[in-house]
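Participant: Need coordinates for the following:
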Amino acid sequence: MQCPCNPNKKYSDCCQKAHQNIHSVTSAEALMRSRYSAFVLANIDYLQKSHHSSTRPSKREKKEILAWTKAVNWIKLEVLHATETTVEFKAFFMENGNIDVIHENSVFCKENDHWVYLGQK
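Facilitator: Numbering: from 1, shown residues only. Next up is the predicted model:
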C-alpha cells in the first residue's frame, strides 16, 4: 500500500512507523504527514494521541471526526512550507461530489517527549 501522505513511499516505510510508535516521529512535518495519513485511514486513536492534551477533541467530537473522515474521499496532501514547529499544508478531499481543501498553518510542539499537534497559527 502506498502512503497517503506521499504516494512515492510505501505506508510501511513511512507513516505506519509513526502510527505504531509515536515516539519514532522526529519532526513537526513528519507528525503532520502521519496525522494526514491517520485521517485518510480513519485512525482516530492516533489522531487523539498526536493531539496536544490542552486542545484534544472530546469523546463526542472524536466520534464526529471519525464519521467525517469516513464520509470524505481524501485526494492528496501538499506541504507548502515547514519550519521546526509549524507546517503549512493543503489537504484535498472530495465531499458530496465537490472537491474541497483544508489550507492550514499548523503549530506543533513536544508533550510527553513526543511531537503533538497544538493548533492553527
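
Participant: Tell me where the longest strand sits in this structure.
Facilitator: The longest strand of the chain (DSSP state E) is strand 98-111.

Participant: list the helices and strands it packs on?
Facilitator: helix 28-40, strand 86-95, strand 114-120 (3 or more C-beta pairs under 8 Å, 6 or more residues apart in numbering; DSSP states H and E). Yep, even glycine has a C-beta here, placed from its N, CA and C like the rest.

Participant: Give me the mean pLDDT for the longest one.
Facilitator: Taken as a whole, helix 28-40 has an average pLDDT of 98.

Participant: And the second one, by the same measure?
Facilitator: Per-residue pLDDT values over strand 86-95 give a mean of 98.

Participant: For it, buried residues please.
Facilitator: 86, 87, 88, 89, 91, 93 (16 or more other C-beta atoms under 10 Å).

Participant: What sits closest to the one residue sitting closest to the centre of the chain if chain neighbours are left out?
Facilitator: Nearest to the mean C-alpha position of the chain, counting by C-alpha atoms, centre = their mean, stands residue 35 at 1.8 Å. Nearest residue to residue 35, sequence neighbours excluded (C-beta to C-beta, 6 or more residues apart in numbering): residue 50, at 5.6 Å.

Participant: Excluding covalently adjacent residues, which one is nearest to residue 78?
Facilitator: Residue 78 sits nearest to residue 90 (C-beta to C-beta, 6+ apart), 4.5 Å away.

Participant: isn't the one you found right next to residue 100, touching?
Facilitator: No - counting by C-beta atoms under 8 Å, residue 90 stays clear of residue 100, with 10.5 Å between them.

Participant: In contact with the nearest residue to residue 15 once chain neighbours are set aside, which residues?
Facilitator: In space, and not counting its chain neighbours, residue 15 is closest to residue 37: 3.9 Å by C-beta to C-beta, 6+ apart. Contact criterion C-beta atoms under 8 Å, 6 or more residues apart in numbering gives 3, 4, 5, 11, 14, 15, 19, 43 as the residues in contact with residue 37.
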